[in-house]
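# Requesting a structural model of the entry that follows:
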Amino acid sequence: QVQLVESGGGLVQPGGSLRLSCVASGSIFSINAMAWYRQAPGKQRELVATIRSGGSTNYADSVKGRFTISRDNAKNTVYLQMNSLKPEDTAVYYCNGEIRATIRRLSFDDYWGQGTQVTVSS
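You can find the predicted model right below:
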């Protein structure tokens, strides 16, 4: 059983910073890409940032230059450093991982965390 658990959300003023963490645990043989998504009230879930196993990254245009995704492969952990936060960044942030659970399983499956709320407001 694979679990992804996010932490680090909260209330922050515009212009402030937060750092989200997501730890993958359980039966894990290998992790490919990890990503952060977000979903604001009344909107579809959107991709925020992706980091592949080799370290290459991609960002949504709306967060480029403000957010940084990173990972610690030894700890099966992905981070999202969010700076210069804006009210429009308010959303539930979800961690996603492409995980191969066992050596016998040949494919990578998508796993999701439960989400952490980020609220940017004065």
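# tell me which element the nearest residue in space to F108 that is not next to it in sequence is part of?
Spatially, and ignoring its direct neighbours in sequence, F108 is nearest to E98 (4.3 Å; C-beta to C-beta, 6 or more residues apart in numbering). All C-beta atoms are positioned from the backbone trio N, CA, C, and that covers glycine. According to DSSP states H and E, E98 maps onto strand 91-100.
# List of residues touching that strand?
2, 4, 6, 9, 20, 22, 24, 28-40, 43, 45, 48, 78, 80, 106-118 (C-beta atoms under 8 Å, 6 or more residues apart in numbering).
# Mind checking the pLDDT average for that strand?
Averaged across strand 91-100, pLDDT comes to 97.
# Which SSE is immediately downstream of it?
strand 109-112.
# Can you give the strand pairings for the helix or strand following that next one, parallel or anti for each?
The helix or strand immediately downstream of strand 109-112 is strand 116-120, counting by DSSP H and E. Partners of strand 116-120 in the sheet, by DSSP bridges, are strand 10-12 (parallel), strand 91-100 (antiparallel).
# mind listing what the residue nearest the centre of the chain touches?
Centroid-nearest residue in the chain, with C-alpha atoms, centre = their mean: W36, separated by 2.7 Å. Shown in contact with W36 (C-beta under 8 Å, 6+ apart): L20, C22, L47, V48, A49, I69, V78, L80, Y93, Y94, C95, N96.
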